[in-house]
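> prediction below, plus the sequence it came from.
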Amino acid sequence: MVIFGASGDLTKRKLVPALYALAAEVSLPDGFTVIGAARSALTDEEFRADMREGVEHYGRVHLRDDAWQKFAAGLHYVTYDMDAPDGFESLKQALEKADRERGTAGNRLIYFSTPPNAVTPLTDRLNAAGLTTQAPGTFVRVIIEKPFGRDLATARELNDRLHTAFIEEQIYRIDHYLGKETVQNLLVFRFANGIFEPLWNRQYIDHVQITVAEEIGVEGRGSYYEEAGALRDIVQNHIMQLVAIVGMEAPSNFKAEMVRDEKVKLLRAVRPIHPDDALSHSVRGQYSAGFINGGRVPGYRDEKGVAPDSLRETFVALKVDIDNWRWAGTPFYLRTGKRMPKRSTEIVIQFRRVPHSPFAGSVPLAAGAVPTDGIDPNLLILRIQPDEGITLRFGAKIPGQALRIESVNMDFMYGTAFREQSPDAYERLLLDCMLGDPTLFAREDEVEEAWRFCTAILDGWRAHPPDRTNCPNYEAGTWGPDEAHAFMARDGRAWHLP
């Protein structure tokens, strides 16, 4: 495995700890080798020491000296020069040495842990150096981190450039959300249980809510966020993948292409928001200073790398319509925001209310009782993180002489139901890539369909720029701008509070 950008944070915090966990649990062959590649100079020993620190601080699996020594023997570091004709020579020599001494047999996994603007130049140079070609009986695969472009046009351009060096089967576009156990379990929940799938449609479901809330701000990535914003950073990839999994039809089998075909069909059915409807179908927000967990935090405009008059969104709420037989007339409400009161990713399926309450007026109301004709709708809540689990909310009679109904919860919690510790998302995804299983990776047409929807929103926002006098429009530590709550109230609905 070659990691470009090996001196960066992702390698130390996520990639090497995930690889060490796989090695410690004997999921990797003895000769597995990691070659870190970056422009800054490091020795093998310095690289190993840095990676050991990363495993100790961020790893899921406790570091054991014996397992580390065996794993670290395959850790190496090289520098490369994008401008020199022989700038990749040291990498080629390291790969040949690994084949010769550790039996890696010409199989390569290349990981671009680099800024987005480095992807196409690196692709071109690797191609020119002959490092992208798969010899008979071997494989070369490449993992690309998000963002996959900035809009539909740049996503298509990126795909075209990648295809000059790699065929589509070699390209693995990684979205760590798809590696989460709870996201994978959503597929099992839907298609391994006969009780819910017959209800999973417009006849029984009133609407769907998907929330991705973060407590953190931009965490020192102000300059990146100024370019991206919440729509590009979260909606285009994480949330649209969740929309696809919640809404897709059942595949005939669980082979990668069958699953991805159904996700693409769903994304193609998502109705683009016309620029004229951008303001009625979306809400933008930006956080000001406020309080998180009792501590004061700065506003977005006070973050490093952010313009003092920035209008970049840190919150987005959308109403999405899906034009197919299963979902016509059942909207999906999506929202994501930074500096929310708590970190939470959840999917809420709200079922339709009972068409008629036979309890209304049947028994005299006790003092203070709630009328039974105002029965709350049933909810199915799928919590992706951090309190992973599933809740079914239904009505039950409160004990006593009066007929009073109250919503109660039936809960399933991952932490108590299973004794096995869930692997980190990167562990699952890296191993799948090594095994050549692309099920949990985004295909070219998936990326472009998600961008088709998001680009239409960006076009509408450009046509209707935000009101400067109303920006920022929500305090850190709150659930977003008032407009987002009015946005739901207009349809007679309300956001579920995680």
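The structure has been received and is ready for your questions.

> excluding its backbone neighbours, what's nearest T79?
The shortest distance from T79 to any residue other than its chain neighbours is 5.7 Å, reached at A41 (C-beta to C-beta, 6 or more residues apart in numbering). For every residue, glycine as well, the C-beta is placed using N, CA and C.

> against E448, how distant is that neighbour?
A41 sits 39 Å away from E448, going by C-beta to C-beta, to the nearest Å.

> between those two, point out the one with more neighbours.
Shown here are A41 and E448; by other C-beta atoms under 10 Å, E448 has more neighbours (19 against 10).

> mind checking which helix or strand the closest residue to the more buried one other than its chain neighbours is in?
Nearest residue to E448, sequence neighbours excluded (C-beta to C-beta, 6+ apart): A155, at 5.7 Å. For A155, the element it lies in under DSSP states H and E is helix 152-162.

> and the helix or strand following that helix, average pLDDT?
Going down the chain from helix 152-162, the next helix or strand is strand 171-174, by DSSP H and E. Taken as a whole, strand 171-174 has a mean pLDDT of 95.

> and for stretch 100-118?
93.

> next, the distance between the ends of it.
One end of stretch 100-118 sits 30 Å from the other (C-alpha to C-alpha, to the nearest Å).

> coming back round to it: and the helix holding A155, what's buried?
With burial defined by 16 or more other C-beta atoms under 10 Å, the residues of helix 152-162 counted as buried are 152, 155, 158-159, 162.

> sorry, back to before: how is the residue nearest to T79 assigned, secondary-structure-wise?
coil (DSSP: H, G, I helix; E, B strand; the rest coil).

> which helix runs longest in this structure?
helix 444-463 (DSSP state H).

> just list what it packs against, helices and strands only.
helix 152-162, helix 240-247, helix 256-269, helix 278-281, strand 282-285 (3 or more C-beta pairs under 8 Å, 6 or more residues apart in numbering; DSSP states H and E).

> 10 Å instead?
Contacts defined by 3 or more C-beta pairs under 10 Å, 6 or more residues apart in numbering; DSSP states H and E place helix 444-463 against helix 152-162, strand 171-174, helix 240-247, helix 256-269, helix 278-281, strand 282-285, strand 315-320.

> for E56, find the nearest of those.
In terms of C-beta to C-beta, the element of the helices and strands packed on helix 444-463 nearest to E56 is strand 171-174, at 24.5 Å.

> what does that closest one rub up against?
Contacts with strand 171-174, where a contact means C-beta atoms under 10 Å, 6 or more residues apart in numbering, come from 109-112, 123, 141-146, 148, 158-159, 162-163, 165-166, 237, 425-426, 429-430, 432-433, 436-438, 440-444, 446-447.

> what helices or strands is the strand or helix carrying E45 leaning on?
In this assignment (DSSP H and E), E45 forms part of helix 44-58. Counting contacts by 3+ C-beta pairs under 10 Å, 6+ apart, helix 44-58 packs against helix 16-24, strand 34-38, helix 65-72, strand 75-79.

> and the residue lying closest to Q350 once chain neighbours are set aside, how many neighbours?
Residue nearest to Q350 in three dimensions, not counting chain neighbours: D206, with 4.9 Å by C-beta to C-beta, 6+ apart. A count of nearby residues for D206, using other C-beta under 10 Å, gives 18.

> cool, V78 as well?
22.

> dump the residue contacts of it.
With contact set as C-beta under 10 Å, 6+ apart, V78 has these partners: 2, 6, 35-38, 41-42, 44, 47, 88-95.

> switch to 6 Å and redo it
The contact partners of V78, taken as C-beta atoms under 6 Å, 6 or more residues apart in numbering, are 37, 90-91, 94.

> state the distance from it to K92.
Distance of V78 to K92, given as C-beta to C-beta: 9 Å.

> thinking again about what came up before, report the secondary structure state of the residue nearest to Q350.
strand.

> again with G477
Under three-state DSSP, G477 falls in the coil class.

> could we number from 2 for the rest of this?
Okay, using 2 as the starting number, the last item reads as G478.

> and it, how many neighbours does it have?
20.

> returning to that earlier point: and of the contacts of V79, the nearest to L232?
Comparing the contacts of V79 against L232 with C-beta to C-beta places A38 closest, at 32.2 Å.

> how about that closest one, what does it touch?
3, 5, 7, 79, 81, 92.

> so which of those residues wins on neighbours?
Going by other C-beta under 10 Å, A7 tops these with 28 neighbours.

> model confidence for that one, exactly?
pLDDT, A7: 94.

> so it sits in a helix?
No: per three-state DSSP, A7 lies outside any helix segment and is coil.

> give me the phi and psi for it.
Per-residue torsions, A7: phi -70, psi -20 (degrees, to the nearest 10).

> which non-adjacent residue is nearest it?
Spatial nearest neighbour of A7, chain neighbours left out: G37 (2.9 Å); criterion: C-beta to C-beta, 6+ apart.

> distance of D483 relative to K181?
Distance of D483 to K181, computed by C-beta to C-beta: 32 Å.

> more neighbours: the two, which one.
The neighbour count for D483 versus K181, taken as other C-beta under 10 Å, is higher for K181 (22 against 13).

> for the more buried one, list the residues it contacts.
By C-beta under 6 Å, 6+ apart, the residues touching K181 are A426.

> and for T105?
32, 34, 99.

> most neighbours among these, which one is it?
A99 (24 neighbours).

> rewinding a little: quick one: which two of the contacts of A38 are the most distant?
Checking these with C-beta to C-beta, the most distant pair is A7 and L92, at 11.3 Å.

> among the contacts of V79, which one sits closest to G390?
Among those, A38 lies closest to G390 (C-beta to C-beta), at 40.4 Å.

> and the nearest residue to V298 once chain neighbours are set aside, how many neighbours?
Computed as C-beta to C-beta, 6+ apart, the closest residue to V298 that is not its neighbour in sequence is A477, at 5.0 Å. The number of residues packed near A477 is 24, by other C-beta under 10 Å.

> mind checking how far A38 is from A129?
Computed as C-beta to C-beta, the A38 to A129 distance reads 16 Å.

> and for R269?
36 Å.

> tell me the helix or strand right after the helix or strand where E97 lies.
Using DSSP H and E, E97 sits within helix 90-103. As assigned by DSSP H and E, the chain's next helix or strand after helix 90-103 is strand 109-113.

> thank you kindly, that will do.
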